[in-house]
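**Student:** Below is the sequence, then the predicted model.
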Amino acid sequence: MKLAFSMPHLMRLKATAQPWEAAVTGAEQTRLARCAEDLGYDMIAVPEHFVIPNSHVDLSGPHYFHAASAQGSFAGATERTTINTCLATLPLQNPIVTPNAPS
């Protein structure tokens, strides 16, 4: 069996986010990534959206992290856990940096 989870406070999707997630810091996310690896998790999912239409903010939340930046941070904190972007909005990415982003 493979275990995966979405890191708290990467997005604020009402259907899935818990109220406490907004208080999670980057340092805590790094500790969570290490803990997940120690517990045997196989993957951390990282969502991405740059532009949230005003009409969707109430449902989708006001922000998402930049997936490649978050992936790099989590990859640097782990050794074997796969760091997966759930979605990459390619037209909004730098064409030089994106092919070299951590996978």
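**Tutor:** Okay, I see it. Model, not experiment: these values are computed from the prediction.

**Student:** show me where pLDDT drops low in this structure?
**Tutor:** Applying pLDDT under 70 to the chain flags the ranges 50, 99-103.

**Student:** Would you map the strands across it?
**Tutor:** 4-6, 43-46, 82-85 (DSSP state E).

**Student:** Let's have these in CSV, adding distance to Thr98.
**Tutor:** Using the backbone N, CA and C atoms, a C-beta is placed for each residue, glycine as well. Supplementary listing: the strands of the chain in CSV, determined by distance: least, Cβ to Cβ, whole Å:
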stretch, distance to Thr98
strand 4-6, 21
strand 43-46, 14
strand 82-85, 10
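
**Student:** Out of the ones you listed, which one sits most buried?
**Tutor:** Per-stretch averages of neighbours, counted by mean count of other Cβ atoms under 10 Å, single out strand 43-46 among these, with a mean of 20.

**Student:** I would like the residues contacting that strand, please.
**Tutor:** 2-7, 10, 33, 36, 65, 67, 70-71, 74, 78, 81-86 (Cβ atoms under 8 Å, 6 or more residues apart in numbering).

**Student:** quick revisit: the strands of the chain: which one's closest to Leu59?
**Tutor:** Among these, strand 4-6 comes nearest to Leu59, with 16.9 Å by Cβ to Cβ.

**Student:** What is the burial count for His63?
**Tutor:** Per other Cβ atoms under 10 Å, the neighbour tally for His63 reads 13.
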